[in-house]
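**Student:** build me a model:
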Amino acid sequence: HDLLVQQPVLWADETTIKVIQSEKRKSYMWVYGCGTDKPPPGNTSSPPNIVLYDYQDGRGGSHPKDFLQGYRGPLQVDGYQGYEQTDAILAGCWAHARRKFVDAKTVQGKKKTGKADVAIAFIQKLYRVERLMADKSADERLHARQSESAAVMSDLKEWLDTQLNQVPPTSVIGKAVQYTLNQWSKLQVYLTDGRITIDNNRAERAIKPFVIGRKAWLFANTYGGADASAVLYSLVETAKANGLQPIDYLMSLFKQWPLINDSDNIDHLLPWNIELTP
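**Tutor:** Numbering: from 1, shown residues only. Below you'll find the model as predicted:
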């Protein structure tokens, strides 16, 4: 956690968890992280991939505010307003905006073309730039975004403003237009830093193992059990994010941890530093 809040770019998401001994109908498992799906290259200058889960008994904005205290860099999130309470620079998610227009396209009916197709086409142009620059450096991505993506977004913004007076605000397409405009300042943030991604899909992929696991074990009995789940999922998913097999990492950790004194440095036990024991 100390290392996480020192990283230049973070992402976050949350999902529900049922805790039997909680008086609340819904509790929440939050996930925070940095990095990508790919293990970082083997050099000390590359930031680690970190995936940290945090159990809380609610969805209030005070939870990410407390967890990310002191962090003021970009934070990639969906449109949930709770993240507004953090000191981070919120970066919006183009995948969420696109889904709104995909829903509107479904309402149009099969084989029919309409306003939703226009918006989707604009967003596809933004994603095309990202695909072409996927293996480039952050500086190269930033240059491409400023020289190509910014112009696409300017045209899209002009189109969205026009639609406000042409579509019913309560229609599916109207809600998609309004959502995108409401998120516009956040959706532009990725244009300012090549290290920020275009969407929050990495966070959604990080929360997915917990969602899948929840279908099997259904609930936690106590607060302590939910906290234990957060710790275990953090260890396993961070190991995976750094190219380790979780069983190999955990076995090495269990063998080496008893040899550590309270005052010893434990950096060598982190997933991106540990030497796996046979």
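
**Student:** so who does the nearest residue to His268 once chain neighbours are set aside touch?
**Tutor:** With sequence-adjacent residues excluded and distances taken as CB to CB, 6 or more residues apart in numbering, His268 is closest to Ile274, at 6.5 Å. From N, CA and C alone the C-beta is placed, and that goes for glycine too. The contact partners of Ile274, by CB atoms under 8 Å, 6 or more residues apart in numbering, come to Leu244, Tyr249, Ser252, Leu253, Gln256, His268.

**Student:** how about the secondary structure of Ile274?
**Tutor:** Following DSSP: H, G, I helix; E, B strand; the rest coil, we place Ile274 in the coil state.

**Student:** picking up where we left off before, mark which of the contacts of Ile274 are buried, thanks.
**Tutor:** Neighbour counting with 16 or more other CB atoms under 10 Å marks Leu244, Tyr249, Ser252, Leu253, Gln256 as buried within the contacts of Ile274.

**Student:** quick one: the helices in the stretch 51-200 of the chain?
**Tutor:** 62-67, 94-108, 115-132, 138-144, 150-163, 172-182, 184-187 (DSSP state H, counting those that start in this stretch).

**Student:** turn those helices into JSON lines, columns for mean pLDDT and mean neighbour count.
**Tutor:** Listed next are the helices of the stretch 51-200 of the chain as JSON lines, based on pLDDT from 0 to 100; neighbours: other CB atoms under 10 Å:
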{"stretch": "helix 62-67", "mean pLDDT": "97", "mean neighbour count": "18"}
{"stretch": "helix 94-108", "mean pLDDT": "94", "mean neighbour count": "18"}
{"stretch": "helix 115-132", "mean pLDDT": "97", "mean neighbour count": "16"}
{"stretch": "helix 138-144", "mean pLDDT": "97", "mean neighbour count": "16"}
{"stretch": "helix 150-163", "mean pLDDT": "98", "mean neighbour count": "14"}
{"stretch": "helix 172-182", "mean pLDDT": "97", "mean neighbour count": "19"}
{"stretch": "helix 184-187", "mean pLDDT": "98", "mean neighbour count": "18"}
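
**Student:** let me have those in JSON lines, extended by distance to Val77.
**Tutor:** Formatted as JSON lines, these follow (distance: least, CB to CB, whole Å):
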{"stretch": "helix 62-67", "distance to Val77": "9"}
{"stretch": "helix 94-108", "distance to Val77": "10"}
{"stretch": "helix 115-132", "distance to Val77": "18"}
{"stretch": "helix 138-144", "distance to Val77": "20"}
{"stretch": "helix 150-163", "distance to Val77": "19"}
{"stretch": "helix 172-182", "distance to Val77": "14"}
{"stretch": "helix 184-187", "distance to Val77": "8"}
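
**Student:** Leu52 is nearest to which of those?
**Tutor:** With CB to CB, the closest approach to Leu52 among the helices of the stretch 51-200 of the chain belongs to helix 62-67: 8.4 Å.

**Student:** return that closest one as PDB; C-alpha atoms alone will do.
**Tutor:** Output in PDB follows, covering the C-alpha atoms of helix 62-67 (Å, rounded to 0.1, in the frame of the first residue of the first chain):
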ATOM      1  CA  SER A  62     -14.700   8.300   2.400                       C
ATOM      2  CA  HIS A  63     -13.300   4.800   1.700                       C
ATOM      3  CA  PRO A  64     -11.200   5.600  -1.400                       C
ATOM      4  CA  LYS A  65     -10.400   9.000   0.100                       C
ATOM      5  CA  ASP A  66      -8.900   7.300   3.200                       C
ATOM      6  CA  PHE A  67      -7.200   4.500   1.200                       C
END
